[in-house]
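Student: Fold the stuff below for me.
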Amino acid sequence: MNYLTLLVVLTINQLSVAVLVKQYNCDKYILAWCQLHNVTVLQDQDLKSVQFPEVPQLGFINGTIVHFSHALNLNLFKSGVLRIFARGTKISRLTLPNTIEQLYFRDNDLYAVDIEPKVSYAIKFLRIHVNKLRDITNFQHLKGLVELNLCDNLIEHLSFDTFAPMVQLKQLLLCGNRLKTLTATHDIKLPNLYHLDLSGNFLFNQTSLNRWYFPRLGNFSLRDNLLTTLDVRIIAQRFPALQILDVEHNSLNCETYQQLLKHVHQRRIIFNVDKRMCQELPSAPVIPRSIPPSSGNELEETGDWRTLVRQLKERLYQQVKIINGQRTEIEQLKANLTTLMEQFDLVVAEPAKANDPF
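Tutor: Residues are numbered from 1 along each chain as shown. From the prediction side, this is the model:
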């Protein structure tokens, strides 16, 4: 009788444990990413009753994880997770895991990221956009980053010293913040940086361009800021490989505008800038030597007007030819840029390949 009672008790206990442990299963797979909807973790204590699927790529859609903590990171590590994204999941604080290669956070109300100075992080691709970050000074410890996307946060003041240790960085996106000042205490050299996006901020003229040296920078955007002047000479010296420059929606003065046009045409840079009606310095009027001041009949007889018209037509033809050539180059650069962006979104993950779920 006692044996039967003990067996019943053990069975009830096992059933209770099974009921208490919540096993999350993938709702669906998109591009090899397992997606979980509406996961709720209010405190670390909740993790004792949660079991995640054993997959290398895990995505959270909506739900609430108040603190993406070390305990949660450990739980995910035990499940073999190497790449994480969270879209629409309410996460106030993130303790950056040191074993994750890719971390994509979007629209999470995230305001703080904890990074330990003495920890070696495996992270290479980090996107935290449409969030509430204001200070990213501690990101300087992420020395292995290849891509950093912090668009649409609340950053107002930034020192580029933060990025100095990131010698592998290829893409740095800071668009849509509230950047007013960019500083640097020493020269910043990022030997592999190709794409720098500072668009949609409040940058005026006090930038630290003279402190930057990005020898491979090909795509640079300062679109939609408050710039009135821009040192074109520094751009030529500091970004020798520049191919695309976007400074549209700035109030550049005429001197900067004319210098910029001269520079981009000399280096055959694809550029985007608001057209300005600037008066050039007055010069002596040019009168064709072959057209003496005389009556129309005499001009027609000499054929000088026809010669002048023919010359103008030839110049117009050459200009159209140049414009068509530039259009071809633009299309080619667009194709190259698309390919480049696809490469950024197609991250090699040994031994498989992981696509960006966004």
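Student: Dead centre of this structure: give me the residue that sits there.
Tutor: The structure's the chain has its C-alpha centroid closest to Leu173; by Cα atoms, centre = their mean the separation is 2.6 Å.
Student: which residues pair with it across the strands?
Tutor: The partner list for Leu173 in beta bridges (DSSP bridges) reads Asn149, Asp197.
Student: Show the contacting residues for it.
Tutor: The contact partners of Leu173, by Cβ atoms under 8 Å, 6 or more residues apart in numbering, come to His129, Leu148, Asn149, Leu150, Cys151, His195, Asp197. Quick note: C-beta positions are derived from backbone N, CA and C, even for glycine.
Student: Can you name the two of those residues that sit furthest apart?
Tutor: Farthest apart among the contacts of Leu173 by Cβ to Cβ are His129 and His195. That separation is 14.8 Å.
Student: State the mean pLDDT of stretch 107-121.
Tutor: In this model, stretch 107-121 carries a mean pLDDT of 95.
Student: same deal with stretch 216-230?
Tutor: 95.
Student: Equivalent analysis for stretch 249-263, please.
Tutor: Stretch 249-263 shows an average pLDDT of 92 in the prediction.
Student: Can you give me the buried ones in it?
Tutor: For stretch 249-263, a neighbour-count test (16 or more other Cβ atoms under 10 Å) marks His249, Asn250, Leu252, Thr256, Tyr257, Gln259, Leu260, Leu261, His263 as buried.
Student: go on, stretch 70-80?
Tutor: Result for stretch 70-80 [16+ other Cβ under 10 Å]: buried residues Ala71, Leu72, Asn73, Asn75, Leu76.
Student: and the end-to-end length of stretch 37-54?
Tutor: End-to-end distance of stretch 37-54: 16 Å, with Cα to Cα, to the nearest Å as the criterion.
Student: if we can go back for a sec, which of the buried residues of stretch 70-80 lies at the shortest distance from Asp187?
Tutor: Closest to Asp187, out of all of the buried residues of stretch 70-80 and judged by Cβ to Cβ, is Asn73, at 36.0 Å.
Student: how about the closest one, phi and psi?
Tutor: Main-chain torsions, Asn73, degrees, to the nearest 10: phi -60, psi -40.
Student: nearest residue to it other than its sequence neighbours?
Tutor: Residue nearest to Asn73 in three dimensions, not counting chain neighbours: Pro97, with 3.9 Å by Cβ to Cβ, 6 or more residues apart in numbering.
Student: Tell me which stretches of this structure form helices.
Tutor: Assigned by DSSP state H, the chain shows helices spanning 2-20, 70-78, 232-238, 254-266, 296-302, 304-345.
Student: helices or strands next to the third one in the packing?
Tutor: By that I understand helix 232-238. Helix 232-238 is packed against helix 254-266, with contacts defined by 3 or more Cβ pairs under 8 Å, 6 or more residues apart in numbering; DSSP states H and E.
Student: measure the closest residue to Leu209 other than its chain neighbours to Ile269 for me?
Tutor: The shortest distance from Leu209 to any non-neighbouring residue, by Cβ to Cβ, 6+ apart, is to Ile234 (4.9 Å). Shown here: Ile234 relative to Ile269, a distance of 15 Å by Cβ to Cβ, to the nearest Å.
Student: who's more crowded, the two?
Tutor: A direct count of neighbours by other Cβ atoms under 10 Å for Ile234 and Ile269 places Ile269 higher, at 18 against 14.
Student: Please list all residues in contact with that one.
Tutor: Leu242, Gln243, Ile244, Leu245, His263.
Student: make it 10 Å
Tutor: Residues counted as contacts of Ile269 (Cβ atoms under 10 Å, 6 or more residues apart in numbering) are Gly218, Phe220, Ile235, Ala236, Phe239, Leu242, Gln243, Ile244, Leu245, Leu260, His263.
Student: For Leu148, see how far away the residue nearest to Leu209 is.
Tutor: Look at Ile234 and Leu148: by Cβ to Cβ, they are 23 Å apart.
Student: try Ile30
Tutor: 24 Å.
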